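Colleague: Provided below are the primary sequence and the corresponding predicted coordinates.
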Amino acid sequence: MVVTVDRYATRISTVPTELDRVDPIVWSEQMRVKHRDVEENGFTVRRGVLDASSVQRCLSEVQRLGTAPELVGDERIVREKTSSAVRSIFDIVNLSPVVRAAVDESGAAALAREILGSEVYVHQSRLNYKPGFRGGAFYWHADFETWHAEDGMPAPRAVSASIALTDNHFFNGPLMVMPGSHRTFLQCAGATPDRYFEESLVEEVPRVGVPSEQMITRLYARHGIEVLTGDAGSMTVFDSNLLHASSGNISPVPRANIFVVFNSVENSLGKPFSGTAPRPEFLAFRP
Ligand code: 6CS
Ligand code: FE
């Protein structure tokens, strides 16, 4: 019998620990110099990847999808618990050819291929929306922990591209990251409830899949926090194991970003490591 050890075991204990990342960050050796910022910090920023007309077209699509009668009650549209405002629209590249074209225009896939050293496919896509005055927060987490536990993603061989459709100011809930935190895997406590995604996508502070306050504090002492502001049309590409979060938006200025997750074709999803049923394909596509 072949016994495979889970190198990123998580949600197995009430006293989680830090594990060293045992996998590469930039997977192709020839690309390590070119993408030194990803290697060292876990992210890279590109300004002006979308022109103003593409940004406008995407914003109109978001408006249309958020109010489309055929999408009422669709599980891909996630709403805030209290205001019922749109929080996320999952599967956005399949729901909207306009958004798909903008993602193509951004060059995100080519960057992902260089970083991951292989062909890639879209694991997940979504729009995260924070209206003015009442936009909700996203608590500290590393995406890979969730994708490993709940989707059976073997290694952190995936990156996310966050493309800004509005200006991301320091005051309207931009992405906050801990540069360099992608080298440490933070185990999380607790077991995964069935269909947990119905809760985790809505809760501002989910009860499972988030690192302890002690661990977050320790990583902050080591790495600090960088706030990723930028004009509409700018893009951040970040490692799947980077610790990140974003605050709520009580400013009058809405914030809308497209997120597209590229996974390596050599990192196919298997059975979820948490022992739960695989999540729906709008969250974790299986080609
Ligand atoms: O469950 C997910 O896949 C989502 N949740 C987290 C914590 N990160 C990214 C993703 O959209
Ligand atoms: Fe995330």
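Modeller: Yes, it's here. Residues are numbered from 1 along each chain as shown. Ligands and ions are numbered 1, 2, ... in the order given.
Colleague: can you list the residues of the stretch 151-287 of the chain near ligand 1?
Modeller: By CB under 6 Å from any ligand atom, the part of the stretch 151-287 of the chain that sits against ligand 1 consists of 197, 200, 283. For the C-beta atoms, the positions are set from N, CA and C on the backbone; glycine is no exception.
Colleague: Quick check: ChimeraX command selecting the buried ones in the residues you listed.
Modeller: Command for ChimeraX that selects the buried part of these, burial taken from 16 or more other CB atoms under 10 Å:
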select :197,200,283
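Colleague: TSV for the residues of the stretch 151-287 of the chain next to ligand 1, including pLDDT and secondary structure?
Modeller: Formatted as TSV, those follow (pLDDT from 0 to 100; DSSP: H, G, I helix; E, B strand; the rest coil):
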residue	pLDDT	secondary structure
Phe197	97	helix
Ser200	96	helix
Leu283	98	coil
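Colleague: Among the residues of the stretch 151-287 of the chain next to ligand 1, find me the one that's closest to Thr276.
Modeller: Distance to Thr276, by CB to CB, is smallest for Phe197 among these, at 9.6 Å.
Colleague: Which residue comes closest to the closest one once chain neighbours are left out?
Modeller: Arg279 (5.4 Å; CB to CB, 6 or more residues apart in numbering).
Colleague: Quick check: buried residues in the lengthiest helix in the chain?
Modeller: Longest helix of the chain, by residue count under DSSP state H: helix 52-67. Neighbour-count burial for helix 52-67, counted by 16+ other CB under 10 Å, picks out 54-55, 57-59, 61-62, 65.
Colleague: Can you lay out those residues as CSV showing pLDDT and distance to Pro272?
Modeller: Output for those, formatted as CSV (pLDDT from 0 to 100; distance: CB to CB, whole Å):
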residue, pLDDT, distance to Pro272
Ser54, 98, 36
Val55, 98, 36
Arg57, 98, 36
Cys58, 98, 32
Leu59, 98, 35
Glu61, 97, 32
Val62, 96, 30
Leu65, 97, 28
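Colleague: State the phi and psi torsions of Ala142.
Modeller: Main-chain dihedrals, Ala142, degrees, to the nearest 10: phi -110, psi 130.
Colleague: what does Asp231 give?
Modeller: Dihedral angles (degrees, to the nearest 10) for Asp231: phi -70, psi 160.
Colleague: Once you drop chain neighbours, what's closest to it?
Modeller: Going by CB to CB, 6+ apart, Asp231 has Asp167 as its nearest residue, at 5.3 Å.
Colleague: Can you pull out the residues in contact with the longest helix of the chain?
Modeller: 50, 71, 77, 86, 89, 92, 95-96, 98-99, 101-102, 105, 127, 129, 165-166, 232-233, 256, 258 (CB atoms under 8 Å, 6 or more residues apart in numbering).
Colleague: C-terminal to that helix, what's the next element?
Modeller: Where DSSP states H and E defines the elements, the next helix or strand beyond helix 52-67 is strand 77-79.
Colleague: Just the mean pLDDT for stretch 111-122, thanks.
Modeller: In this model, stretch 111-122 has an average pLDDT of 98.
Colleague: Now that stretch - C-alpha only, PDB.
Modeller: Only the C-alpha atoms of stretch 111-122 are listed here, as PDB (Å, rounded to 0.1, in the frame of the first residue of the first chain):
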ATOM      1  CA  LEU A 111       2.300  35.700 -16.200                       C
ATOM      2  CA  ALA A 112       0.800  32.700 -14.400                       C
ATOM      3  CA  ARG A 113       2.400  30.300 -16.900                       C
ATOM      4  CA  GLU A 114       5.800  31.900 -16.400                       C
ATOM      5  CA  ILE A 115       5.500  31.700 -12.600                       C
ATOM      6  CA  LEU A 116       4.000  28.200 -12.500                       C
ATOM      7  CA  GLY A 117       6.300  26.700 -15.200                       C
ATOM      8  CA  SER A 118       3.500  24.900 -17.000                       C
ATOM      9  CA  GLU A 119       0.200  25.300 -18.800                       C
ATOM     10  CA  VAL A 120      -2.500  26.700 -16.500                       C
ATOM     11  CA  TYR A 121      -6.300  26.600 -16.300                       C
ATOM     12  CA  VAL A 122      -8.800  28.700 -14.400                       C
END
